[in-house]
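A.B. asks: Provided below are the primary sequence and the corresponding predicted coordinates.
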Protein chains: 2
Amino acid sequence: MSSYDVYAKNCPTRLVLDRLADKWALLVLNRLTDEPVRFNRLRRDIEGVSQKVLTQTLRNLERDGLVAREVFPTVPVTVEYSLTPLGRTLTQTVAALTHWAEENFDSVRLAQQSFDASKAGHARL
Amino acid sequence: MSSYDVYAKNCPTRLVLDRLADKWALLVLNRLTDEPVRFNRLRRDIEGVSQKVLTQTLRNLERDGLVAREVFPTVPVTVEYSLTPLGRTLTQTVAALTHWAEENFDSVRLAQQSFDASKAGHARL
DNA sequence: CCGTATCCGACCGGATACTG
DNA sequence: CAGTATCCGGTCGGATACGG
């Protein structure tokens, strides 16, 4: 079964999947879907990400060819990030994931509460 | 723009997205797509995951209502994991992600090599 | 404005040993 | 077989300071 190769350690797909399995990466790709965005704008819009981590995330995405970085020689300097053609091939899927999360949040929360309640009896400290 | 709420810190969707943005979780969901799987089978099939981390991943997915855990009173005990109906609503999207990774691995690798080569001049240790 | 560099505490995950 | 418990080194990420 070649479709099971995905689970193998040496499967190249795992390397790509590891990168996508990153909450900030997904949020960045999502934010860049409609328009190019400057660094600090991105930093402000995606609440909770530090400058360091956002930079790392963007570098990784740039290295993978999903995001393009363009520097404008203004004073002070302006840097715009946008999706590459390769990156755009991912937007449908990323949007689907986000959409699922929006649609099913209530179900997930309900399941969590139910799960936690059923385990409450064990909390005998 | 309500569709931008996804990026807000307090957005509930972020909580769900954080959980899905996990490489092991995605691989587990993928592996459970076609059939229920026992714990050690899962551990063997998904190379590189430790028992501890696989357990944690499965507990989280169970808590979120995506995965069901069934214990069979055999000797020794047998535990089967499967997708819940809620979990099955995710399989299309997860499969799409995996499929993208398979399709575009070459492009990503090429981009990485190109990126690394362009930065080689800075490696003056 | 857009980073890089450094320090440092918190958390993650592997190894190991033990239970039902 | 399927976990839980504990230890413990490595990594991640926040804070801060500084540079182009």
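C.D. replies: Alright, I've got the coordinates. Residues are numbered from 1 along each chain as shown, chains lettered A, B, ... in the order given.
A.B. asks: gap between the two ends of stretch A:7-17?
C.D. replies: End-to-end distance for stretch A:7-17: 11 Å, by C-alpha to C-alpha, to the nearest Å.
A.B. asks: can you give me how far that stretch is from the chain middle?
C.D. replies: 18 Å (C-alpha atoms, centre = their mean, to the nearest Å).
A.B. asks: Tell me the buried residues in that stretch?
C.D. replies: For stretch A:7-17, the neighbour count (16 or more other C-beta atoms under 10 Å in any protein chain shown) marks A:7, A:11, A:12, A:13, A:14, A:16, A:17 as buried. The way it works is simple: take the backbone N, C-alpha and C, and place the C-beta from them, glycine included.
A.B. asks: close to chain B, is the longest helix anywhere in chain A?
C.D. replies: Determined from DSSP state H, the single longest helix within chain A is helix A:85-119. Yes. Counting by C-beta under 8 Å from any C-beta of the partner chain, chain B is contacted by helix A:85-119 at A:86, A:89-90, A:92-93, A:96-98, A:100-102, A:104-105, A:107-112, A:114-116.
A.B. asks: same thing with stretch A:68-75?
C.D. replies: No. Judged by C-beta under 8 Å from any C-beta, stretch A:68-75 makes no contact with chain B; its nearest approach is 10.5 Å.
A.B. asks: quick one: contacts of that stretch?
C.D. replies: With contacts defined as C-beta atoms under 8 Å, 6 or more residues apart in numbering or on different chains, stretch A:68-75 is touched by A:36, A:58, A:62, A:77, A:78, A:79, A:80, A:81, A:82, A:83, A:84, A:87.
A.B. asks: Contact residues of chain A facing DNA strand C?
C.D. replies: Contact residues, chain A versus DNA strand C (C-beta under 7 Å from any atom of the strand): A:38-41, A:51-52, A:55, A:58-59, A:69, A:76-79.
A.B. asks: Filter these down to the ones in strands?
C.D. replies: Among the residues of chain A next to DNA strand C, the members found in strands (DSSP state E) are A:38, A:69, A:78, A:79.
A.B. asks: Quickly note the distance from the third one to residue B:101.
C.D. replies: Looking back up the chat, that one is residue A:78. As judged by C-beta to C-beta, to the nearest Å, residue A:78 and residue B:101 stand 33 Å apart.
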